[in-house]
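K.L.:
Sequence and computational prediction follow.
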Amino acid sequence: MTSLPSSEPNRSQPHASEPVQEAPERRRATVRRAPKFVPFLVLGALVGVLAAAIVAVAGPGSADFDRSTVFGFFAVLLALPGVALGGVLALLLDRASIRRSERIVLERAPGDDAAPAADQAP
């Protein structure tokens, strides 16, 4: 099946001599600084282990348990609340960053290609 050429010019494609002026693409975005949760959790666990070391060294000695056993027990016992406190601190900082977020307008610059930059994650 062949189509006959129409007598009207194709209006969807501009002539080669006419410059194409497109309106820049604009999008709205929210920008904020959010904390990473894993470092807060690890730091909380380390604070709990440090507190366990202080309790094991500063506490009274026992004939039934040596200091390394006391340290191990308190390390497990205090690391979990330390992780929880680190998570709560990260959540509080995350909520504060939501309140300080800013709305911006992104505009594609002329000559930008559609492919994402190499340093950006897909």
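P.N.:
Noted; the coordinates are in hand.
K.L.:
next helix or strand past the longest helix seen in the chain?
P.N.:
Determined from DSSP state H, the single longest helix within the chain is helix 67-99. Next helix or strand after helix 67-99 toward the C-terminus (DSSP states H and E): strand 102-107.
K.L.:
For Leu85, grab the count of nearby residues.
P.N.:
For Leu85, the tally of surrounding residues (other CB atoms under 10 Å) stands at 17. C-beta here means a position set from N, CA and C on the backbone, and glycine is covered the same way.
K.L.:
for the closest residue to it other than its chain neighbours, what are its contacts?
P.N.:
The shortest distance from Leu85 to any residue that is not its chain neighbour, by CB to CB, 6 or more residues apart in numbering, is 5.1 Å, and that residue is Gly44. Contacts for Gly44 were tallied using CB atoms under 8 Å, 6 or more residues apart in numbering; they are 82-87, 89.
K.L.:
go on, Leu91?
P.N.:
For Leu91, no contacting residues are found, by CB under 8 Å, 6+ apart.
K.L.:
mind checking pLDDT for it?
P.N.:
Leu91 carries a pLDDT score of 94 in this model.
K.L.:
Pull out the buried residues from the helix or strand hosting Gly44.
P.N.:
Gly44 is located in helix 37-58, with elements delineated by DSSP H and E. Residues of helix 37-58 classed as buried under the neighbour-count rule (16 or more other CB atoms under 10 Å) are 40-41, 43-45, 47-49, 51-53, 55-56.
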